[in-house]
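Trainee: Show me the folded form of this:
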Amino acid sequence: MCRYLIITVIILFAFSCNGQNYARKNKNSKRIQLNNGHWFNGKIFEKKTVWVKEGLLHFNTIGEADTVIDLSGKFVIPPFADAHNHNLESKYELQERIAAYLDNGVFYVKLLSTIKRRITPVLHNYNEPSKLDVRMTHAPLTAKDGHPIGVRKRYLYRGYYRGMFNTLEELEFHGYVRIDTEQDLEQKWERVLESKPDFIKINLLYSEEYEKRKDDSIYFGRKGLNPKFVSKIVEKAHAANLKVSAHVETAYDFHVAVTAGVDEVAHLPEISHGQPINRKDAALASKKGIRVVTTASLVLKRQKQPNYQQLVANIVFNLKLLQEEGVEIAIGSDQYNGNSVGEFQFLYGLDVFTNTQLLNMWTRNATKAVFPRRKVGELKEGYEASFLVLNKNPLLEIKQINKHITMLIKQGVLLK
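Mentor: Next up is the predicted model:
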């Protein structure tokens, strides 16, 4: 067996040498035939022979193969994704973070706000066949003294932006965009688009108390947009062919976001406050095809609070409600010092979802959240040849799924 594995690695390495060209349909790339693998179709595993040609998957013969690989009955699934994080913006511990993603089979990461000046010097680490793929937005839309202005102020004083920005005001259009009136929206919109974001992020925090909080300094950093402007922002974003991701805190924020027609709710609401989502809002989200990203493991920061178990119980209630109403749920962590592996483990421990549901949430759904227009996240004809090979069937044993990876292939490139 050891000899076979060594031979397999050598073969795969040989066909990955020109891997960076696979996504561009390299006409000179080798044709690979993979035998005796069990391939996940979203519901079950099917034993199939699969071919790789020009870095893409094919389930019908493509002619004589240059290389034949025996998968020996192992299980093949799409790669994992993290549909919400912020931890790939600077050089700080960057290689360790990237390795933690890739080693655990997480190929795709959605960055829910970055400062373009900070991330530009490290972009060469991303978006190539042998590297981590990221998609990002930059300055999120908020209101006066709203989130994330408090975070930006704290980081500014700690020196994180030294040499880039000297004042909090200089950070506007880089770390946040302040929208307080419809005139602000009209005047600032072109500058929002100038940064060439992959999507638009809006911040809704305690929308039900917008009037109470908007001019009160005690709520600095703990408020967001005027809910009346959200529909207009969504309309403008969609006209620019950009999707909208909404940060929410409360069930009412969720109501505002869903009613306005955002494309994604970037957090499960009520993680910190323990209130149920309105079923009508969940049903509307399902009807409109609005995705919800979990980030449920954020509640672990509140383990010492006396109401911790109540908060977890409410998370379970809201996840079950979304599931019952048919809302698409994607795994994302928002864990700066972690990634979606920890989020997956937390969700597994809640015992809300079946193994099949968890697998789809971490592969198909999370990947669609990151790259909605790209042929990734599923093992289908013509999709990118990116997949994980496991030595155990995750539908039967999923708890340590990332520990069962024996091979990682991304766009035809052997990563492990």
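
Trainee: Look at residue 109 and tell me its secondary structure.
Mentor: Under DSSP: H, G, I helix; E, B strand; the rest coil, residue 109 falls in the strand class.

Trainee: Nearest residue to residue 47 in space, ignoring adjacent ones along the chain?
Mentor: Counting by Cβ to Cβ, 6 or more residues apart in numbering, residue 38 is the residue found nearest to residue 47 once chain neighbours are left out, at 5.3 Å. From N, CA and C alone the C-beta is placed, and that goes for glycine too.

Trainee: by contact count, what packs against the strand or helix carrying that neighbour?
Mentor: According to DSSP states H and E, residue 38 maps onto strand 32-40. Counting contacts by 3 or more Cβ pairs under 8 Å, 6 or more residues apart in numbering; DSSP states H and E, strand 32-40 packs against strand 45-53, strand 67-70, strand 75-77.

Trainee: Pairing partners for the second one, with directions?
Mentor: Right, strand 67-70. Its sheet considered, strand 67-70 pairs with strand 32-40 (parallel) by DSSP bridges.

Trainee: which other residues reach the strand it pairs with?
Mentor: By Cβ atoms under 8 Å, 6 or more residues apart in numbering, the residues outside strand 32-40 that reach it are 15, 45-53, 65-78, 359, 363, 379, 389, 393, 412.

Trainee: now stretch 332-344: how far from the chain's centre is it?
Mentor: Relative to the mean C-alpha coordinate of its chain, stretch 332-344 is positioned 10 Å out (Cα atoms, centre = their mean, to the nearest Å).

Trainee: Pull out the buried residues from that stretch.
Mentor: Buried residues in stretch 332-344, counting neighbours by 16 or more other Cβ atoms under 10 Å, are found at 332, 333, 334, 335, 338, 339, 340, 341, 343, 344.

Trainee: what number of residues lie near residue 66?
Mentor: 13 (other Cβ atoms under 10 Å).

Trainee: Over to the one 5 residues further on?
Mentor: A count of neighbours around residue 71, defined by other Cβ under 10 Å, yields 21.

Trainee: and what of residue 293?
Mentor: 28.

Trainee: Tell me who's in contact with it.
Mentor: The contact partners of residue 293, taken as Cβ under 8 Å, 6+ apart, are 83-84, 264-268, 329-332, 366, 369.

Trainee: now residue 107
Mentor: Per Cβ under 8 Å, 6+ apart, neighbours of residue 107: 79, 80, 81, 101, 132, 133, 386, 410.

Trainee: Go again with 6 Å.
Mentor: Contacts for residue 107 were tallied using Cβ atoms under 6 Å, 6 or more residues apart in numbering; they are 79, 133, 410.

Trainee: Where does the prediction get shaky in the stretch 101-250 of the chain?
Mentor: For the stretch 101-250 of the chain, applying pLDDT under 70 flags no range at all.

Trainee: can you pull out the helices in it?
Mentor: Taking DSSP state H, counting those that start in this stretch to define them, one finds helices in the stretch 101-250 of the chain at 116-119, 149-157, 182-194, 210-213, 230-239.

Trainee: Pull the third one out as CSV, backbone CA atoms only.
Mentor: This points to helix 182-194. The C-alpha trace of helix 182-194 is given here as CSV (Å, rounded to 0.1, in the frame of the first residue of the first chain):
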residue,chain,number,x,y,z
GLU,A,182,-29.9,59.4,0.7
GLN,A,183,-27.7,62.2,-0.5
ASP,A,184,-24.7,60.4,1.1
LEU,A,185,-25.7,57.2,-0.8
GLU,A,186,-25.9,59.1,-4.2
GLN,A,187,-22.7,61.1,-3.7
LYS,A,188,-20.6,58.2,-2.4
TRP,A,189,-21.8,55.3,-4.5
GLU,A,190,-19.3,55.8,-7.3
ARG,A,191,-16.4,55.8,-4.8
VAL,A,192,-17.8,52.6,-3.3
LEU,A,193,-17.5,51.0,-6.8
GLU,A,194,-14.0,52.5,-7.4
